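Trainee: pasting a predicted model and its sequence here:
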Amino acid sequence: MNTDELIDTLSVDVPAVPRGAVGLRLALGIAGGAIVSVLLIAATLGFRADLWLAMQGPAFWIKWGYTVSLAGFASFAVTRLARPDPGSLKRLRLIAVPVVVLAALGVGELVRTPRAEWLAMWLGHTWTKCPWLVLALSMPIFAGLLWSFRSLAPTRLRAAGAAAGLAAGAFAATVYCLHCPEVSALFVLTWYSLGILLAASFGALVGPRVLRW
Amino acid sequence: MRADEDRLRTWMTGGLDGNAADHACLLRALVPLLTGFYRRRIADSNDIEDLVQETLIAVHTRRATYDRDRAFTAWLFAIARYKLIDHFRRHRKTVPIEGLEDALIDEGFESSSGARLDVDKLLGTLPAKQARMIRATRIDGASVAEAAAASGYGDSDVKVTVHRGLKALAQRIRGDTA
């Protein structure tokens, strides 16, 4: 086909594109994946029995505050990297803020807890499973983001993959809070973050391959 | 005739609002821009046409990723660069890293094409004769004598015209930045 014909063909169907199209597309992918992750928890792990009670206390909201803020920063990065000219990602440095806040809460915990119980608090009951479950629950969300990316135009594929993995991991951790009974800030800081980082590494690893267009 | 950033941007936003005619104008105007971009980097003319078409398709199918508040050409050439790298990768062509830097460096191309757009715009504000003489002597590199011979004006006429034109341009630029 010559270029003029191509242009004629392309100009036949020109639907209007709303301003927030990129954000909407990404939100749909994340939401679709997150619903699958919630269903997975319901079907396999089960929600924590005391979820309603836990939601009255601070520990649950500290966990959610941490994972939701990470998810927010990751979503910002994904939205930027979904465009061919991502612009500055400097604002992403602020992701250190929730980490530092949680670390400070962790130090507070240590001060209040006798030294003999430190290890038990840090490892909780589920430290061996937690990072892997977060990674597993991030997969549907990552898949949702891959769907979103099909109509977007990332040009830095490894960075975009890492950001998508980070977002998938952070949202998965948010969802995982519905199951996880752990209360320690140090536990969350270590094992949740590890799961989220695993998801981000996975994204960086596969990004150049799966995001090509 | 160089379609400048503003015009391309207007067409792009028109297309995003669902105006098919604007969209067609945009794609047509992109053909020479993209052809020039790829020709400077690839020798094979079939490859160039393929890449131009691929880029047009990408511009069409991924137009939602254009942010209306940002420069259109930056978006366009980011896509073109991506397609170029993808082309090299697909053809297993090895490009030395240092060479790639030169070939793909973005600021160089964008600022030079941006500068060209600016120059065109500025020259457009001058009387035609002044613009033509400045273009001949300062951009195309002709001597005053050559420009005079080509245009049929006298040597001193050309000199004075260029001088007046440059002075007017300088004033305009100062006015712009003030």
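Mentor: Done, it's in.
Trainee: any idea whether the residue lying closest to residue A:132 once chain neighbours are set aside is helix, strand or coil?
Mentor: Nearest residue to residue A:132, sequence neighbours excluded (CB to CB, 6 or more residues apart in numbering or on different chains): residue A:195, at 7.1 Å. C-beta: built from backbone N, CA, C; applies to glycine. Secondary structure state of residue A:195, per DSSP: H, G, I helix; E, B strand; the rest coil, is helix.
Trainee: tell me the contacts of residue A:195?
Mentor: A:130, A:131, A:132, A:133, A:134, A:135, A:138, A:169, A:172, A:173, A:176 (CB atoms under 8 Å, 6 or more residues apart in numbering or on different chains).
Trainee: flag every residue of chain B that's near chain A.
Mentor: B:15-21, B:23-24, B:27-28, B:31, B:49, B:52-53, B:56-58, B:60-68, B:70, B:74-75, B:78-79, B:81-82, B:86 (CB under 8 Å from any CB of the partner chain).
Trainee: now, of the contacts of residue A:195, which are buried?
Mentor: A:130, A:131, A:133, A:134, A:135, A:138, A:169, A:172, A:173, A:176 (16 or more other CB atoms under 10 Å in any protein chain shown).
Trainee: distance from the helix or strand of chain A with the lowest mean pLDDT to the middle of the chain?
Mentor: Least confident helix or strand of chain A, by mean pLDDT, DSSP states H and E, is helix A:51-54 with a mean of 84. Here the centre of helix A:51-54 is set off from its chain's centre by 23 Å, with CA atoms, centre = their mean, to the nearest Å.
Trainee: after that helix, next one along is what?
Mentor: Later in the chain than helix A:51-54, the nearest helix or strand by DSSP states H and E is helix A:58-81.
Trainee: which elements pack onto the following helix or strand past that next one?
Mentor: Using DSSP H and E, the helix or strand that follows helix A:58-81 in sequence is helix A:96-112. Here helix A:96-112 touches helix A:58-81, helix A:185-187, going by 3 or more CB pairs under 8 Å, 6 or more residues apart in numbering or on different chains; DSSP states H and E.
Trainee: compare these and give me the one nearest chain B.
Mentor: helix A:58-81 (9.8 Å; CB to the nearest CB).
Trainee: average pLDDT across that closest one?
Mentor: Averaging pLDDT along helix A:58-81 gives 94.
Trainee: now the angle from that helix to helix A:96-112?
Mentor: Computed by axes from the mean of the first three to the mean of the last three CA atoms, to 10 degrees, the angle separating helix A:58-81 from helix A:96-112 equals 160 degrees.
Trainee: with just CA atoms, put helix A:58-81 into PDB.
Mentor: Coordinates of each C-alpha in helix A:58-81 appear next as PDB, following Å, rounded to 0.1, in the frame of the first residue of the first chain:
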ATOM      1  CA  PRO A  58      -4.500   1.800  63.500                       C
ATOM      2  CA  ALA A  59      -2.300  -1.100  62.300                       C
ATOM      3  CA  PHE A  60      -4.500  -1.900  59.400                       C
ATOM      4  CA  TRP A  61      -4.600   1.800  58.200                       C
ATOM      5  CA  ILE A  62      -0.800   2.100  58.600                       C
ATOM      6  CA  LYS A  63      -0.400  -0.900  56.300                       C
ATOM      7  CA  TRP A  64      -2.900   0.500  53.800                       C
ATOM      8  CA  GLY A  65      -1.500   4.000  54.000                       C
ATOM      9  CA  TYR A  66       1.900   2.500  53.100                       C
ATOM     10  CA  THR A  67       0.800   0.300  50.200                       C
ATOM     11  CA  VAL A  68      -1.700   2.800  48.800                       C
ATOM     12  CA  SER A  69       0.800   5.600  48.800                       C
ATOM     13  CA  LEU A  70       3.400   3.300  47.000                       C
ATOM     14  CA  ALA A  71       0.600   2.400  44.600                       C
ATOM     15  CA  GLY A  72       0.000   6.100  44.000                       C
ATOM     16  CA  PHE A  73       3.600   6.900  43.200                       C
ATOM     17  CA  ALA A  74       3.900   3.800  41.000                       C
ATOM     18  CA  SER A  75       0.800   4.800  39.100                       C
ATOM     19  CA  PHE A  76       2.200   8.200  38.500                       C
ATOM     20  CA  ALA A  77       5.400   6.600  37.000                       C
ATOM     21  CA  VAL A  78       3.300   4.200  34.900                       C
ATOM     22  CA  THR A  79       1.200   7.100  33.500                       C
ATOM     23  CA  ARG A  80       4.400   9.000  32.600                       C
ATOM     24  CA  LEU A  81       6.200   6.000  31.100                       C
END
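Trainee: distance from it to the middle of the chain?
Mentor: On CA atoms, centre = their mean, the centre of helix A:58-81 falls 7 Å from the chain's centre.
Trainee: by contact count, what packs against it?
Mentor: So helix A:58-81, by 3+ CB pairs under 8 Å, 6+ apart, packs with helix A:21-40, helix A:96-112, helix A:157-176.
Trainee: show me which residues of chain A sit near chain B.
Mentor: So chain A meets chain B at A:1, A:3, A:6-8, A:10-17, A:19, A:21-22, A:25, A:82-85, A:87, A:151-153, A:155, A:212-213 (CB under 8 Å from any CB).
Trainee: apply 6 Å and report the result again.
Mentor: A:3, A:6-7, A:10-11, A:14, A:16-17, A:21-22, A:83-85, A:152-153, A:155 (CB under 6 Å from any CB of the partner chain).
Trainee: number of residues surrounding residue B:74?
Mentor: 17 (other CB atoms under 10 Å in any protein chain shown).
Trainee: chain neighbours aside, what residue packs nearest to the residue nearest the centre of chain B?
Mentor: In chain B, the residue lying closest to the centroid (CA atoms, centre = their mean) is residue B:113, at 4.2 Å. In this structure, residue B:113 finds its nearest non-sequential neighbour in residue B:73, 6.9 Å apart by CB to CB, 6+ apart.
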